[in-house]
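Enquirer: Turn this into a structure:
(one chain, ligands or ions: 1)
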Amino acid sequence: MDRDAEVIVVGAGVMGGSIALELAKRGLNVVVIDKLGAPGHGSTSASSAIVRFNYSTIDGVATSWESKQCWVEWSDHVGVIDDAGMARFQQTGMVVLDTPIAPREKVTPLLLAAGVPYEEWDAATLRQRVAGVDTGRYWPPKGIDEPAFFDGATEELGALFMPDAGFIDDPQLAAHNLIFAAQSLGALTMFNAVVSDVIRVNGRAAGVRLENGTVIHAPVVVNAAGPWSTQLNRLAGVGADFSIGVRPMRQEVHYLPAPIGYNVAGQLGPSLADMDLGTYMRPGPGDTIYVGGTAPECDPLDWIDNPDDANPAVTATTYANQATRAARRLSTLRVPTSPKGVAGVYDVAEDWTPIYDRTELAGFYVAMGTSGNQFKNAPLVGLFLATLIERVEAGHDHDGDPVRYVGEHTGNIINLGAFSRKRSFNASSAGNVMG
Ligand SMILES: Cc1cc2nc3c(=O)[nH]c(=O)nc-3n(C[C@H](O)[C@H](O)[C@H](O)COP(=O)(O)OP(=O)(O)OC[C@H]3O[C@@H](n4cnc5c(N)ncnc54)[C@H](O)[C@@H]3O)c2cc1C
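Expert: Got it, this is the predicted structure:
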């Protein structure tokens with residue numbers, strides 16, 4: 001049966017959920033469509049869900065800092081208590097080891113400007129604060145099959161520590177919470193429903209067609225399709241004026257027993273970004289740690305054409321690389337012979353900075369290119385897209401005069417032009433998942 005709506009959101013991941021909620025809060029008649037069976041079953045389900053604040057632009061830092069306040073007050077933010085339970089923010093602090101691709105002196109002014117607390121640690125402090133850490137500098141990252149991987153350290157590293165960082169304990173549940181809240185405000189959700197076409201009438205979006213032939217009419221369509229975003233843009237016939245390309249990339253995260261002394265008496269150890277060796281880590285459930293990669297240049301990057309074709313199983317090679325790097329950094333980490341973990345897909349923008357924008361097709365908006373680093377920003381992405389849609393549909397020229405968003409909690413002003421499809425390449429980006 002065909003339907004009418006005011007806004008269609010394609011994708012019920014953490015982004016689609018947040019966008020749908022903010023639009024529903026504004027009283028709009030929203031339909032959310034997902035080809036999978038439940039909220040957050042796409043790339044959101046594989047997320048490490050780390051909440052940190054070190055980004056390469058002031059708008060990136062301010063977005064993550066404002067979003068963090070929403071996670072801390074999650075029930076208030078979503079406005080309901082989900083029968084399935086509520087996702088929780090776990091504060092662990094985040095240690096970012098020194099690296100030439102995101103030097104401290106470039107990051108700290110941005111943290112200061114946004115009001116994010118931080119500490120600067122020398123190697124001795126790092127040793128004192130992180131159990132079993134090796135403070136050696138091994139830059140640049142190398143594959144573990146390269147003999148140079150085992151070369152001694154050239155010097156010692158310090159770190160930036162952000163005490164307010166942490167992670168969300170269940171990213172899929174967070175998406176569920178958002179969709180549940182949107183539903184409670186009247187949003188309609190359609191699962192196991194594949195969008196196969198975007199309908200255009202008189203040069204603007206007019207709805208979508210599903211694979212089963214159903215048509216949903218709406219003057220506004222939002223692409224929140226995660227790593228499938230470029231496929232959906234093609235269906236809509238948009239992308240010609242994008243200055244930033246976006247491609248899916250497969251990634252693995254491995255689960256290992258936590259090193260001895262990492263979590264002490266129920267106190268979780270810190271999350272740690274180690275671009276020096278090419279990994280990141282954060283505490284997992286049941287005295288484990290999650291180990292992911294920072295996509296170092298020495299590793300072949302697993303670009304894929306179609307996210308549906310991504311191998312869902314972790315592989316021995318990637319496990320060996322990531323776990324060995326982590327064990328080099330954390331000397332008490334023991335590496336089991338068989339890998340456990342999860343494979344997921346990033347939607348990578350060329351400069352690892354997301355695109356939250358309108359497009360050349362009136363009424364067609366995108367929240368895409370999240371580049372493995374935007375889960376934490378989902379609360380704000382909902383607010384960004386709702387604000388953008390409201391302003392642009394009322395006639396505002398966002399391309400010429402970018403909309404500014406004022407953070408309710410921090411008061412920081414965020415220039416949404418920083419996430420424009422037409423922006424200049426973000427040359428300050430670390431060029432990897434750190435953004
Ligand atoms: C391994 C991994 C680790 C990560 N770690 C972190 C981290 O530590 N911190 C952080 O901030 N971020 C992290 N991220 C990034 C973050 O998880 C993602 O940016 C975020 O989850 C993307 O959410 P999304 O809603 O855009 O996409 P998705 O969750 O993929 O949702 C998109 C949805 O669209 C649906 N869809 C697509 N096409 C169609 C169609 N044609 N018809 C109907 N439905 C369609 C899909 O089924 C899917 O459910 C990580 C990502 C991965 C993969």
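Enquirer: and the stretch 201-350 of the chain, which residues reach the ligand?
Expert: 224, 225, 226, 227, 228, 232, 251, 253, 292, 344, 345, 346 (Cβ under 6 Å from any ligand atom). Heads up, the C-betas are built off the backbone N, CA and C, glycines and all.
Enquirer: mind redoing it with 5 Å?
Expert: For the stretch 201-350 of the chain, the residues in contact with the ligand (Cβ under 5 Å from any ligand atom) are 225, 226, 228, 251, 253, 344.
Enquirer: Could you find which two of these are furthest from each other?
Expert: 225 and 253 (21.6 Å; Cβ to Cβ).
Enquirer: And the two? Which one has more around it.
Expert: A direct count of neighbours by other Cβ atoms under 10 Å for residue 225 and residue 253 places residue 225 higher, at 29 against 22.
Enquirer: does that one really touch residue 236, like I thought?
Expert: No. Using Cβ atoms under 8 Å, residue 225 makes no contact with residue 236, being 10.6 Å away.
Enquirer: Would you confirm that residue 231 belongs to a strand?
Expert: No. Per DSSP: H, G, I helix; E, B strand; the rest coil, residue 231 lies outside any strand segment and is helix.
Enquirer: Just to check, it is in contact with residue 225?
Expert: Yes. Using Cβ under 8 Å, residue 231 is in contact with residue 225, at 7.2 Å.
Enquirer: as a whole number, average confidence for stretch 254-274?
Expert: Mean per-residue pLDDT for stretch 254-274: 92.
Enquirer: Quick one: name the residues of the stretch 51-200 of the chain near the ligand.
Expert: Near the ligand, when you scan the stretch 51-200 of the chain using Cβ under 5 Å from any ligand atom, you find 194, 195.
Enquirer: Which parts of the stretch 51-200 of the chain are helices?
Expert: Applying DSSP state H, counting those that start in this stretch to the stretch 51-200 of the chain gives helices spanning 58-72, 74-78, 104-114, 123-129, 171-184.
Enquirer: export the ones you listed to JSON lines and tack on distance to residue 23, mean pLDDT and mean neighbour count?
Expert: Below are those laid out as JSON lines (distance: least, Cβ to Cβ, whole Å; pLDDT from 0 to 100; neighbours: other Cβ atoms under 10 Å):
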{"stretch": "helix 58-72", "distance to residue 23": "16", "mean pLDDT": "98", "mean neighbour count": "24"}
{"stretch": "helix 74-78", "distance to residue 23": "14", "mean pLDDT": "98", "mean neighbour count": "17"}
{"stretch": "helix 104-114", "distance to residue 23": "27", "mean pLDDT": "97", "mean neighbour count": "16"}
{"stretch": "helix 123-129", "distance to residue 23": "43", "mean pLDDT": "97", "mean neighbour count": "15"}
{"stretch": "helix 171-184", "distance to residue 23": "8", "mean pLDDT": "98", "mean neighbour count": "25"}
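Enquirer: Of these, which is nearest residue 277?
Expert: Per Cβ to Cβ, nearest to residue 277 of the helices of the stretch 51-200 of the chain: helix 123-129, 14.1 Å.
Enquirer: what's the spacing between that closest one and its chain's center?
Expert: Relative to its chain's centre, helix 123-129 lies at 29 Å (Cα atoms, centre = their mean, to the nearest Å).
Enquirer: what comes into contact with that helix?
Expert: Contacts with helix 123-129, where a contact means Cβ atoms under 8 Å, 6 or more residues apart in numbering, come from 95, 97, 121, 133, 135, 156, 157, 158, 159, 161, 270.
Enquirer: most neighbours, which of those?
Expert: Result: residue 159 is most packed of those (other Cβ under 10 Å), 26 neighbours.
Enquirer: Model confidence score at residue 39, please.
Expert: For residue 39, the predicted pLDDT is 98.
Enquirer: Please identify which of the helices of the stretch 51-200 of the chain is closest to residue 245.
Expert: Proximity to residue 245, assessed across those by Cβ to Cβ, is greatest for helix 58-72 (19.1 Å).
Enquirer: The closest one to helix 171-184, inter-axis angle?
Expert: 80 degrees (axes from the mean of the first three to the mean of the last three Cα atoms, to 10 degrees).
Enquirer: my hunch is that residue 397 is in a helix, does that hold up?
Expert: No. Counting by three-state DSSP, residue 397 is not found in a helix; it is coil.
Enquirer: give me phi/psi at it?
Expert: When read as degrees, to the nearest 10, the backbone of residue 397 gives phi -90, psi 90.
Enquirer: Pull the number of nearby residues for it.
Expert: Residue 397 has 11 neighbouring residues, counting by other Cβ under 10 Å.
Enquirer: show me the contacts for the residue in the stretch 101-250 of the chain that the ligand sits nearest to.
Expert: With Cβ to the nearest ligand atom as the measure, residue 226 is the residue of the stretch 101-250 of the chain nearest to the ligand, at 2.4 Å. Shown in contact with residue 226 (Cβ under 8 Å, 6+ apart): 11, 13, 15, 42, 43, 44, 307, 345, 347, 368, 370.
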